[in-house]
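Student: Compute the structure for the input listed below.
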Amino acid sequence: MGEKKNRRETFLLAHPVCVFCGGGAKATTIEHCPPRSMFQGRQWPEGFEFPACDSCNHGTRDQDLLVAMLARMDPFENQGNSDGRLAGIMDAA
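Tutor: Numbering: from 1, shown residues only. Sure, this is the predicted structure:
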């Protein structure tokens, strides 16, 4: 089993219910707040992960993409796309 999959399964075993549903649904995914797509070069903050059901995690996809796009706009130094992902984020939104 891969390290990422093992880490995910360990996290979900320790946190089995969705925090967004109020515990009414089983957690099947890990929600990252703020969204990872806001950050370039894997420089997102660690520890902001929450157990979520699929519906809650993916229910804010459009808003996550919008926030990521706005966070990456850098009118002063034009570094908001140093990882080359901005166009993909804009296309997905």
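Student: can you count the residues close to the residue nearest to Asn81 when sequence neighbours are not counted?
Tutor: Of all residues not flanking Asn81 in the chain, Arg72 sits nearest, at 6.6 Å (CB to CB, 6 or more residues apart in numbering). C-beta here means a position set from N, CA and C on the backbone, and glycine is covered the same way. Close neighbours of Arg72, defined as other CB atoms under 10 Å, add up to 20.
Student: tell me the contacts of Arg72?
Tutor: The contact partners of Arg72, taken as CB atoms under 8 Å, 6 or more residues apart in numbering, are Met38, Gln40, Gly80, Asn81, Leu86, Ile89.
Student: From Asn78, how far out is it?
Tutor: 11 Å (CB to CB, to the nearest Å).
Student: Give me the helix or strand of the protein that scores worst on average pLDDT.
Tutor: Using mean pLDDT, DSSP states H and E, the weakest-scoring helix or strand in the chain turns out to be helix 86-92, at a mean of 82.
Student: circling back: got the phi and psi for the residue nearest to Asn81?
Tutor: Main-chain torsions, Arg72, degrees, to the nearest 10: phi -90, psi -10.
Student: circling back to that earlier point, and the least confident helix or strand of the chain, what does it pack onto?
Tutor: helix 61-71 (3 or more CB pairs under 8 Å, 6 or more residues apart in numbering; DSSP states H and E).
Student: and the helix it packs on, which residues are buried?
Tutor: Asp64, Leu65, Val67, Ala68, Met69, Ala71 (16 or more other CB atoms under 10 Å).
Student: Now for Lys4, how many residues are close by?
Tutor: Quick note: Lys4 (other CB under 10 Å) scores 8 neighbours.
Student: Please identify the buried residues of whichever strand or helix holds it?
Tutor: Lys4 belongs to helix 3-14 when assigned by DSSP states H and E. Neighbour-count burial for helix 3-14, counted by 16+ other CB under 10 Å, picks out Leu12.
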